[in-house]
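1. Got a predicted structure here, sequence first:
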Amino acid sequence: MKKVSILAFIAVILLFAACGNSGSEFVGYWLGFNALFEITHDKGNRYFILNLIEPEQKMAALYKDGMLEVGAEKLAIDKKTGRLYTAGRDPDGDGFSKISPKEAAAVMRIVPSRKLFNQISSAQENLKRVSRRYASTDGSTGGSAETELSALARYGFRPDPEVAFAITVPPEGEGYIVIIGHTAKGSPLLAIGNIDLSCDGRYSEYDTSCRPPANVKLPATLHTYTCSDDRCSNVTQGPARAYTGPTGTGPDGAAKMK
């Protein structure tokens, strides 16, 4: 009788342990097009999905029947590809790939670069509308980087001390290119702007598929910048930062900070 009780107790413990591990395959980092999510769970086995690109977006999820329920949607993992996708959709057509914490950290270093570029882009368009010109940091428009960026600061630009960049304006003055990246060694650089670089998408790694126009020479070094006050009345340029050239396509072949 005593043995039966002990066996029954062990069976119950194993059952609860199995239930507690249910859904563990969802826990981790998931990378999709222009999005990075982290899925976690607490001691009560509640699941949470955090959008690391926009950290304020945190959603609670319920694990049920092998899927995570997030509001009206259900997330499932395709057994063949291992990708996370919305149930009911083609798993080969969309979804997220699971990546390691180290890979997630590398992706996260791109986020500040993208946010700063959005500031630069918005400020450039406003400057163009008012002054009929774009600003540069490499002298291609005739002004110093500090003067040019102070002009952009009137329209919302604020530098990030952890992001280095350079802005080039073609001789015709009808567009601009930004080479930008996190200052951490090995961070992949992005080549983005409002002229055709032959890259895929608006935000692209600065790899060998990115070819600027023949009349544009990209800067050999990048700089960080700081503001003198909250209004960014004056901009100060930091020391030059070197980067490697692109060696191939994609993030592995992109130019990187030295």
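-> Done, it's in. All of these numbers come straight from a predicted model, not from anything done at the bench. Numbers count the residues shown, from 1 in each chain.
2. can you map out the strands along the stretch 51-200 of the chain?
-> 58-64, 67-70, 73-77, 84-86, 97-99, 163-168, 177-182, 190-193 (DSSP state E, counting those that start in this stretch).
3. Other residues contacting the fourth one?
-> Residues outside strand 84-86 that contact it (Cβ atoms under 8 Å, 6 or more residues apart in numbering) are 26, 30, 73-78, 91, 94-98. For the C-beta atoms, the positions are set from N, CA and C on the backbone; glycine is no exception.
4. What is the lowest-pLDDT residue among those residues?
-> Least confident by pLDDT among the contacts of strand 84-86: that is Pro91, with 54.
5. quick one, helices of the stretch 51-200 of the chain?
-> Per DSSP state H, counting those that start in this stretch, the stretch 51-200 of the chain carries helices over the ranges 101-108, 110-131, 145-153.
6. Deepest-packed of the ones you listed, please.
-> Ranked by mean neighbour count, those are led by helix 145-153 with a mean of 21 (mean count of other Cβ atoms under 10 Å).
7. Packing partners of that helix?
-> helix 110-131, strand 225-227, strand 235-237 (3 or more Cβ pairs under 8 Å, 6 or more residues apart in numbering; DSSP states H and E).
8. Could you list the domains of this structure?
-> Structurally, the chain divides into domains by automatic domain parsing as follows: 2-100, 109-253.
9. what's the most buried one of those?
-> Buried most deeply of the domains of the chain, by mean count of other Cβ under 10 Å, is domain 109-253, with a mean of 18.
10. measure that one end to end?
-> 16 Å (Cα to Cα, to the nearest Å).
11. Off-centre distance for that domain?
-> 16 Å (Cα atoms, centre = their mean, to the nearest Å).
12. do stretch 245-258 as well
-> Using Cα atoms, centre = their mean, the offset of stretch 245-258 from its chain centre is 16 Å.
13. can you check stretch 65-77 too?
-> 25 Å.
14. who touches it?
-> 23, 25-26, 39, 47, 49, 59-63, 83-88, 91.
15. end to end, how far does it reach?
-> Taking Cα to Cα as the criterion, the two ends of stretch 65-77 lie 12 Å apart.
16. hmm, back to that, take the strands of the stretch 51-200 of the chain and lay them out in a markdown table including distance to Thr208.
-> Output for those, formatted as a markdown table (distance: least, Cβ to Cβ, whole Å):
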| stretch | distance to Thr208 |
| --- | --- |
| strand 58-64 | 38 |
| strand 67-70 | 39 |
| strand 73-77 | 34 |
| strand 84-86 | 30 |
| strand 97-99 | 23 |
| strand 163-168 | 18 |
| strand 177-182 | 14 |
| strand 190-193 | 11 |
